[in-house]
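In: Sequence first, predicted coordinates after that:
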Amino acid sequence: DALHRCDPPCIPYLGIYLSDLTYIDEGTANFTDNGLLNFAKMRMIAHVIREVRQFQQTPYKIDPIQKAADYLLDNSRRLSDDELYQRSLMIEPRSSRLSVSYPTSPGPLTSLNIHHSK
């Protein structure tokens with residue numbers, strides 16, 4: 001509801017619209033009991049799509065900052081996938097992840113052993 005009250009431009013959360021479209025599609029028949037196309041369903045779908053398109057129509061008034069654009073687009077600063085992975089491991093080593101072990105003997109599950117893997 002707050003999204004409908006704000007002045008564009010704004011970025012809507014598309015998950016809500018996708019959920020709406022899913023519920024309309026799965027919860028409403030394509031044809032009426034008389035075998036005719038269900039225009040009420042098509043109008044509901046069109047309404048959701050119209051709302052999304054409304055947000056796409058208003059341009060953003062963003063002044064470009066050349067220094068920032070040059071920095072972000074500088075290919076000499078680009079890291080390979082391997083370099084990114086190695087940096088990821090430095091920040092969050094694999095050994096810091098939690099592992100869960102389950103009892104192997106048959107019978108009721110009485111406890112879970114959670115420990116740091118090494």
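Out: Received it, and whenever you're ready, just let me know what you need.

In: Any idea which residue is closest to the centre of this protein?
Out: Central residue of the chain (CA atoms, centre = their mean): Gly15, 6.8 Å from the mean position.

In: Give the other helices and strands that the helix or strand that one falls within contacts.
Out: In this structure, Gly15 is located in helix 14-27 according to DSSP states H and E. Applying 3 or more CB pairs under 8 Å, 6 or more residues apart in numbering; DSSP states H and E, we find helix 14-27 packed against helix 39-57. For glycine as for every other residue, the C-beta is placed from the backbone atoms N, C-alpha and C.

In: what element comes up after the helix it packs on heading to the C-terminus?
Out: helix 66-73.

In: for the record, mean pLDDT for that following helix?
Out: For helix 66-73, mean pLDDT rounds to 93.

In: How about residues contacting it?
Out: Arg77 (CB atoms under 8 Å, 6 or more residues apart in numbering).

In: Swap in 6 Å and give it another go.
Out: Applying CB atoms under 6 Å, 6 or more residues apart in numbering, helix 66-73 has no contact partners.

In: Alpha carbons of that helix, in CSV - could you do that?
Out: What follows is helix 66-73, C-alpha atoms only, in CSV (Å, rounded to 0.1, in the frame of the first residue of the first chain):
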residue,chain,number,x,y,z
GLN,A,66,32.4,10.2,-14.0
LYS,A,67,35.0,9.4,-11.4
ALA,A,68,32.8,6.8,-9.8
ALA,A,69,31.8,5.3,-13.2
ASP,A,70,35.5,5.1,-14.3
TYR,A,71,36.3,3.3,-11.0
LEU,A,72,33.5,0.8,-11.3
LEU,A,73,34.2,0.1,-15.0
